[in-house]
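[1] Dropping the sequence and predicted coords here.
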Amino acid sequence: MKKLLLLALLLPMIAACGTKVKRLDIDTQKDLSGKWNDTDSRMTAESMIQEALGGPWYAKALKATKGSEPVVIVGTVDNQSMEHINTNTFIEELQRALINSGRVEFVASKSERGDVRGERLEQDEYASEATRKAFGQEVGADYMLSGVLSSIIDQEGRKSVVFYQVNLKLINIQTNQIVWNGQKQIKKYVAKKAFKL
């Protein structure tokens, strides 16, 4: 009888420990922990790039190049927040938003350029002369986008407010002038429930 009673008590706990997986649509917004997530990354990148391309620097750049689209590269985005954030994902979101805007030309990142240069070296040795790509034909960037992601956490007991701030700067590579400085802020209220059996 004791074994049956113990089993009856343990069954709900064992059932509650099972893993459930449900596929979500990519655009679904779902916050579980209150930490920086894919939605924050995507929405921040899209809104900041839209703001950047609406700035006065863009009209000046078009005028200076007689209508040619400015060439942009994304540099580093430093994570100075209090949590681990994969900034590479955010950088990819920034690149995607810039490229898909159709308003700038875009060049590969430092690591991507290394791969392409390696390919060119191999082509010099192995590709036919008609299809070989020559060195010294790369397009140089006019502007570099870089920035910082930081956070502040205010916590009391099981409640906290998490504040994220992303600062991005667009720098003229020729002159080192900052031509655009943007900021996006996100604030989340997180209330964790007490564990109940």
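    Thanks, I have the structure now.

[2] ranges for the strands of the protein?
    With strands called from DSSP state E, the chain shows them at 71-80, 105-106, 143-156, 159-172, 178-191.

[3] Name the spans of the protein whose pLDDT lies under the cut-off.
    The model of the chain has pLDDT under 70 over residues 1-2, 4, 6-18, 21-32, 195-197.

[4] what ranges do the helices span in it?
    2-16, 38-53, 56-64, 87-101, 110-126 (DSSP state H).

[5] Measure how buried Asp142 is and give me the count.
    For Asp142, the neighbour count with other C-beta atoms under 10 Å is 22. Any C-beta I mention is one placed from the backbone N, CA and C, and that applies to glycine too.

[6] Would you mind stating the distance between it and Lys159?
    47 Å (C-beta to C-beta, to the nearest Å).

[7] can you check Leu121 too?
    When Leu121 is compared with Lys159 (using C-beta to C-beta), they lie 57 Å apart.

[8] Name the nearest residue to the residue positioned nearest the centre of the chain, ignoring sequence neighbours.
    Centroid-nearest residue in the chain: Phe90, 0.6 Å away (criterion: C-alpha atoms, centre = their mean). Spatially, and ignoring its direct neighbours in sequence, Phe90 is nearest to Ser41 (4.8 Å; C-beta to C-beta, 6 or more residues apart in numbering).

[9] With Val162 instead?
    Of all residues not flanking Val162 in the chain, Lys188 sits nearest, at 4.7 Å (C-beta to C-beta, 6+ apart).
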